[in-house]
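**Q** Give me a model of this one.
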Amino acid sequence: MIFEIIAGLLGSVGQDDSLNTKKIDKHIEELRKYNWFNELYDDEKYHGLDKQLSKQSLSY
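**A** This is a model prediction of the structure:
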């Protein structure tokens, strides 16, 4: 489920291969209201996952 959420956040990746970090930060701020998200967000094993998903979405 977390993968789908992050992929959805990164779905707005522009054609210039850059991330809309303001939009992503806004979504993360909203998700931080949920304990389940904080547990995943603070878990170091998920750090860097956004970069992996971004590379995958750019390859489509």
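**Q** Low-confidence ranges, the chain, go.
**A** Along the chain, the parts satisfying pLDDT under 70 run over 1, 9-19, 46-60.
**Q** ranges for the helices of it?
**A** 2-10, 21-31, 35-42, 49-58 (DSSP state H).
**Q** Taking helix 2-10 as reference, get the angle to the third one.
**A** If I follow you right, that is helix 35-42. Orientation of helix 35-42 against helix 2-10 (axes from the mean of the first three to the mean of the last three C-alpha atoms, to 10 degrees) gives an angle of 80 degrees.
**Q** Counting neighbours, which bits of helix 35-42 end up buried?
**A** Leu40 (16 or more other C-beta atoms under 10 Å). In short, each C-beta sits where N, CA and C put it, glycine included.
**Q** Give me the contact list for it.
**A** 2, 5, 28, 31-32, 46 (C-beta atoms under 8 Å, 6 or more residues apart in numbering).
**Q** Restrict these to the buried ones and give me that as a ChimeraX selection.
**A** This is how ChimeraX selects the buried members of the contacts of helix 35-42, with burial counted by 16+ other C-beta under 10 Å:
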select :31
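**Q** now, among the contacts of helix 35-42, which is nearest to Asn20?
**A** Ile28 (12.3 Å; C-beta to C-beta).
**Q** now that closest one: how far from Asp43?
**A** 14 Å (C-beta to C-beta, to the nearest Å).
**Q** cool, Leu31 as well?
**A** 14 Å.
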